[in-house]
Structure formats: C-alpha cells, structure tokens
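Undergrad: Any chance you can model this:
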Amino acid sequence: MSGQQNKQFEDEIDLIDLLASLWKGKWIIIVCTLLALIGGLAYYLITPTELKGRVDLRLPNYTEKTWLNEFNRLTGINDVSGVYIDILSDESFFDQFSNRFFNKDNETNENLDDKSIKFKFETNTDEDGTLLNYTLSLFSKALTRQELIGFTERFLEEVQLTAKNNIIEYLQASSEFYKENIARKLSLLNLQKQSAIIRYEEQLRADIVKLEEEIAIASETTKADLQANALQLNEQIAIARRLNISRPRQEILPSPSETIAIQNLIESGEQPLFMRGYIALEEELRSIQENPDLSLMSSKLRRLKVQMASLKERKEVEAFVPGLADLNSQIFELKNDLTIQAYVKLLEKMSSPEFSPEFLIQTSSIENSIKQTAPRKIIIILALFAGGFLGIVLVFIRSIYQAVQKRIKQTS
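TA: Model prediction:
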C-alpha cells in the first residue's frame, strides 16, 4: 500500500517537474516559435501567389450571325470554329501575346517575364461526343487578381481580332480563287466567240466567192442569150420592114408562100415577132444594145446580185454569227456576276474597324473563378505550430538530459 502511494506521489512529482521544466524552457519555445514564424513570413513574402482562373466559352448558332451565313454561302465553309480552336490551342500565339502584353505594361510590371503566366485550353464534350463548350484556364504566380482579369480580357480581344483577320484572309483567298475561275471562264467564252466569228467570216468569204462565180456564169449566159435575142430581133426587123409592118397588126398582104407560112404559125399559137412591127422591135433591140446592166435582162442574175449586196453589207458580223447571242449573254452574266459583288460587300463590311465578329461567347466570367492554387496563409499557421512543437521537444530533451545527469550524481 505504501509502495503504491509512493509511486503515485512520484508520478505527481514528475508531472509537476514536467510543467516546471516547460516553464523554465519557455524562452526556448518562444524563440523557436518566433524563428519559425519569421521563416514562414519570409516564405510568404518571397513566394509569389499562384492564381488560377477559367473562362467558359461557346460558339454561337449560325442563325445568330447574318455575316456568317453569307460567309458560308460564298465559301462553302459550314463551320469556322476551327479558326478559333487553332488560335486558342496555339502556345506560340499565347507566348507572343504575353510578350507584347508585358512589354507594353513594363512600367507597372517590371519584374514580369513570359514565364509568369501559363494557359490550358480544353474542349468539353458529353458522353455522346457532342461539343458542349471550351474552357480556357490561366495560371499566374506574378499577376494580381486585377492584372489577371485584364490579361484575360485583352487576350480574348486579341483572339477575336486574329480570328477576324484570318477569316478575312481566307475570304480574300476564296474571292481571288472565284475571280480567277470567272476570268478563266471569260477567257474560254471569248475564245469560243472569236472562233465562231472567224468561222463565220471564212464561211462568208466562201459564200461571196461562190456567188461571184455564179454571177460570172449567169452574166455570160445572159450575154449569150442577149446576143441570140439581138440576132433574132435583127432578122425579125428585116422581115417586118420587107413586109412593111411598122406596128402590130393581124392582117398582112405578103406573097402567097409567105402567107401560108405565117398562117401556119398563127394557127400553131405562135405569133411571129415581126407581127409586132419593126418600130417596137427596133426599140427593143436598141434597149438591149444601150443598156449595159445585164441584171435588168435576167431575173436570176438580179437575184444573185441582190444576195451579193446583202452579204457585202454585213458590217456588224456578230449579228449574223450562229450561237453568238448566247455566248454574249453568258459573257455579260459573268462580267456582272453577283457573287463577286457579294464578296466585295462582305469584305468591305468585315474589313471595317467597327466590325467585330464576336464569335466567342463567354458563358462564365473569370472574375468569379479566380482563386489561389495553394493558400499561403496556411504556411504561416503551420510555421507557428511547427516552431512551438520544436521548442517543446527541445525543452523535453533538455529536461531529460538534466534528470539523467542528476541521477548519475546521486548514485555516485
């Protein structure tokens, strides 16, 4: 019984000694805590805070942008989201913008460099693979909250501007390709037109040569006919003079043999030319001899000369070329092509400084998403606990060492 009381008494003495030793070593504990606090504060001040922010983006429906509908109609591109995705996922583009941003603001951000901010671009889809939205995450150990917000806004503006320029460049390239295609079609149509005109002119010259040959033949035939006619008229005039027939008449007093011959001609239905009288016959002969225009004497020759005059009067050859009207219509339509005018109007609209495609729509603001990746205040609290704990351990070690030394002296 007395032994248990002594043990309990010794335990109480040890607890009192323990508390007493802690009190005696209070300065060690305080010094260790202060040193740890100083170290924590130094780390807090030296280590920059890493901020993280994110922006959720989406692309609008095509019905929301009339310019995009016109762009799709002209270029055949149904989706230009790839332009934005390429820009947002391009690290070199982000680094170049960062360098420009920091160099421009170097008066307020002298210690910043291009490694002070990083980004991550993600595409979010559902289980079926359908695109939901895009996420742009930014990480920075040097920028303040407001600087990170300003950087993000400027970066998205730069993305919009770069995307606009890229779309305009593609539209210009598409326009040039379309114009070259129109120029090739015009060149081909003009070549077909010139070929048709040349073929027609060759055919026209051939027709003229053929008509000239026919006119020459008809003229020779007419001359021969006129000469035969003149010879016949001379013979008939001689007969009429011999019979003294100056004017047309039915009753004549020739010799009996001539009367019988004339009567036979009349009964056969043919009236001898001399019956017209030598005055009319001489007038007809004079008309043949004095008129040099053979066409007046031949309907065929007259018709051929009319055709020749018509061919030679065709100064406006294009009006007579077969199929040329259709070619001219096609050329006119290509020269006044409405698609080219639409390209010009859309390029003027998109090239205007006031025009902004506003293709990226923010579904969440970066202001509400900025937070520290690792809160630094916890480091100070941990430093306080670590310093105090270290001080207590040192005090215990010192107390144990003193107790051991005291027992050694007692036993000796």
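Undergrad: what residue ranges in the stretch 201-350 of the chain score low on pLDDT?
TA: Using pLDDT under 70 as the threshold, the predicted model of the stretch 201-350 of the chain has low-confidence ranges 249-272, 290-298, 315.
Undergrad: if we go to 50?
TA: By pLDDT under 50, the low-scoring segments of the stretch 201-350 of the chain are 251-253, 265, 268-269.
Undergrad: show me where it has helices.
TA: If DSSP state H, counting those that start in this stretch is used as the criterion, the helices of the stretch 201-350 of the chain fall at 256-267, 278-290, 299-312, 324-335, 338-351.
Undergrad: For Phe101, grab the count of nearby residues.
TA: Counted with other C-beta atoms under 10 Å, residues neighbouring Phe101 total 20. No exception for glycine: its C-beta is placed from N, CA and C like everyone else's.
Undergrad: can you dump the C-alpha coordinates of the helix or strand hosting it into CSV?
TA: Assigning secondary structure by DSSP states H and E places Phe101 in helix 91-104. Output of helix 91-104 as CSV, limited to C-alpha atoms (Å, rounded to 0.1, in the frame of the first residue of the first chain):
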residue,chain,number,x,y,z
GLU,A,91,1.2,28.0,-77.5
SER,A,92,3.3,30.2,-79.7
PHE,A,93,0.4,32.6,-80.2
PHE,A,94,-0.1,32.8,-76.4
ASP,A,95,3.6,33.4,-75.8
GLN,A,96,3.8,36.1,-78.4
PHE,A,97,0.8,37.8,-76.9
SER,A,98,2.3,37.5,-73.4
ASN,A,99,5.5,39.1,-74.5
ARG,A,100,3.6,42.0,-76.2
PHE,A,101,1.4,42.4,-73.1
PHE,A,102,4.2,42.6,-70.6
ASN,A,103,6.5,44.8,-72.8
LYS,A,104,3.6,47.2,-73.2
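Undergrad: could you say what helices and strands it packs with?
TA: Counting contacts by 3 or more C-beta pairs under 8 Å, 6 or more residues apart in numbering; DSSP states H and E, the secondary-structure elements packed against helix 91-104 are helix 145-242.
Undergrad: try it again with 10 Å
TA: Packed against helix 91-104 by the contact rule (3 or more C-beta pairs under 10 Å, 6 or more residues apart in numbering; DSSP states H and E) you find helix 81-88, strand 117-125, helix 145-242.
Undergrad: tell me the angle the helix or strand following the second one makes with helix 145-242.
TA: Spelled out, that is strand 117-125. Counting by DSSP H and E, the element after strand 117-125 in chain order, helix or strand, is strand 131-140. Here the directions of strand 131-140 and helix 145-242 differ by 130 degrees (axes from the mean of the first three to the mean of the last three C-alpha atoms, to 10 degrees).
Undergrad: do you know how far the closest residue to Leu390 other than its chain neighbours is from Leu394?
TA: Ranked by C-beta to C-beta, 6 or more residues apart in numbering and with sequence neighbours excluded, the top spatial neighbour of Leu390 is Cys32, at 4.7 Å. Plainly put, Cys32 is 7 Å away from Leu394 if you go by C-beta to C-beta, to the nearest Å.
Undergrad: what does Leu285 give?
TA: From Leu285 across to Leu394, the span is 162 Å (C-beta to C-beta).
Undergrad: more crowded one of the two?
TA: Under the neighbour definition other C-beta under 10 Å, Leu285 and Leu394 were set side by side, and Leu285 has more, 19 against 15.
Undergrad: Please name the residues that touch Gln402.
TA: Contacts for Gln402 were tallied using C-beta atoms under 10 Å, 6 or more residues apart in numbering; they are Asp17, Ser21, Lys24.
Undergrad: ok so, going back, for the helices of the stretch 201-350 of the chain, which one sits closest to Val55?
TA: With respect to Val55, and counting by C-beta to C-beta, the nearest of these is helix 338-351 at 24.9 Å.
Undergrad: so what does the next helix-or-strand element following the closest one touch, helix or strand wise?
TA: The helix or strand immediately downstream of helix 338-351 is strand 361-362, counting by DSSP H and E. If contacts are counted by 3+ C-beta pairs under 10 Å, 6+ apart, strand 361-362 sits against strand 51-58, helix 145-242.
Undergrad: repeat that for 7 Å
TA: strand 51-58 (3 or more C-beta pairs under 7 Å, 6 or more residues apart in numbering; DSSP states H and E).
Undergrad: Let me see the residues that make contact with the strand it packs on.
TA: By C-beta atoms under 7 Å, 6 or more residues apart in numbering, the residues outside strand 51-58 that reach it are 133-140, 143, 145, 148, 152, 360-364, 366, 369-373.
Undergrad: swap the cut-off to 8 Å and go again
TA: Around strand 51-58, the neighbours that count as contacts under C-beta atoms under 8 Å, 6 or more residues apart in numbering are 132-141, 143, 145, 148-149, 152, 156, 360-366, 369-373.
Undergrad: picking that back up, who wins for proximity to Ile46 among the helices of the stretch 201-350 of the chain?
TA: Ile46 lies closest, by C-beta to C-beta, to one member of these: helix 338-351, at 49.7 Å.
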